[in-house]
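1. 3D model of this:
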Amino acid sequence: MLPSGTEKTGHQVDKATTGWVNGFVGVVIFSGSLPATRVAVMDFDPVFLTVARAAIAGLLALALLLMFREKRPARGDLFSLAIVAFGVVVGFPLLTALALEHVTSAHSIVFVGLLPLATAIFAVLRGGERPRPAFWLFSCLGSALVGGYALSQGVTASPVGDALMLAAIVACGLGYAEGAKLSRRLGGWQVISWALVLSLPVMLVLVFSTMPPSLAGVGGAAWAGLAYVSLFSMLIGFVFWYRGLALGGIAAVGQLQLLQPFFGLVLAASLLHEQVSVSMLVVTLGVVLCVAGARMFAK
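-> Down below sits the predicted model:
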């Protein structure tokens, strides 16, 4: 029989590995969000798209909560759920949809490389985590690599689009860290579900007030984009993502987001036929090494 200390260490390793696997699945799902949004805003107004995706996901979340008879969150959790709703239900989707009216999805995706650093900062401010100094070195280096790639692609192409993307990153980092902290008590899918349900009444009102007079001109690709961001980006992805952050550590697992721009760029190139530089491969390799280094020194 193994010593109790060894069993505890093994349990911690399994828990961390499970967290990283869940986080990776979440990142892969989220990688399709910006390309799908880019397709959807070609036929949908950005504000309508934002509230429609939140309303659809909110109705699905409500059905899940009722089906599994989940206990209502405590009154003290409502403030945290409101932050999650502000950051990932409204803030990030709306700001990115507005940004994608000014920039391509390939251009916007590289800004997501700043999201791990934003998430790590909020993990310290809101989650109480204290990564080792070397962690910040790898996190900043990974963000710098992605930021440098963005500069090489022409980051000043649209100041308005770039400013909206930066604001989206801040809102999303806050929502990720707050939701992960809360999911340690409520569970990953429960947190995003309650956040969606909390915002559902307002979203439903806004859906009907912003709905275009006719949807006849909306193409199949735009409907598919709306379906993806509603089901996968707004709900299913968070089931894996919040579970990964809660088990593996917000700051540590959050570094997986450094890979998201490059998954997204592949989708942008293959599905939207947007031009992607071959230098992406070199930067991707550097980012992978930074993620590995950040994981090593996260705690």
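2. what score does the closest residue to residue 185 other than its chain neighbours have for pLDDT?
-> With CB to CB, 6 or more residues apart in numbering as the criterion, residue 185 has its nearest non-adjacent residue at 7.6 Å, and that residue is residue 77. For glycine as for every other residue, the C-beta is placed from the backbone atoms N, C-alpha and C. With respect to pLDDT, residue 77 has a value of 95.
3. quick check: residue 77 touching residue 184?
-> No: taking contacts as CB atoms under 8 Å, residue 77 lies outside contact range of residue 184: 11.5 Å.
4. state the distance from residue 291 to residue 209.
-> Computed with CB to CB, to the nearest Å, the distance linking residue 291 and residue 209 is 42 Å.
5. between the two, point out the one with more neighbours.
-> More neighbours surround residue 291 than the other of residue 291 and residue 209, with 23 against 10 (other CB atoms under 10 Å).
6. for the residue lying closest to the more buried one once chain neighbours are set aside, grab the count of nearby residues.
-> With CB to CB, 6+ apart as the criterion, residue 291 has its nearest non-adjacent residue at 4.9 Å, and that residue is residue 255. Counted with other CB under 10 Å, residues neighbouring residue 255 total 30.
7. how about the contacts made by residue 255?
-> With contact set as CB atoms under 8 Å, 6 or more residues apart in numbering, residue 255 has these partners: 116, 120, 138-139, 142, 290-291, 294-295, 298.
8. tell me the one among the residues you listed nearest to residue 234.
-> For those, the residue nearest residue 234 by CB to CB is residue 116; the value is 20.6 Å.
9. in the helix or strand in which that closest one is found, which residues are buried?
-> Assigned by DSSP states H and E, residue 116 belongs to helix 115-125. Using 16 or more other CB atoms under 10 Å as the test for burial, helix 115-125 gives 115-123.
10. with those residues in mind, which one is nearest to residue 286?
-> Looking across the buried residues of helix 115-125 and measuring by CB to CB, the closest to residue 286 is residue 116, at 14.0 Å.
11. and that closest one, how far from residue 140?
-> Distance from residue 116 to residue 140, by CB to CB: 10 Å.
12. do the same with residue 164
-> In terms of CB to CB, residue 164 sits 23 Å off from residue 140.
13. the two: which has the busier surroundings?
-> residue 164 (24 against 16).
14. show the contacting residues for the more buried one.
-> Listed by CB under 8 Å, 6+ apart, the contact partners of residue 164 are 95-96, 98-99, 102.
15. what do you get for residue 177?
-> Residue 177 is in contact with 119, 122-123, 125-127, 245, 250, 254, counting by CB under 8 Å, 6+ apart.
16. what's residue 235 sitting at in phi/psi?
-> For residue 235, the backbone dihedrals (degrees, to the nearest 10) come out as phi -130, psi -70.
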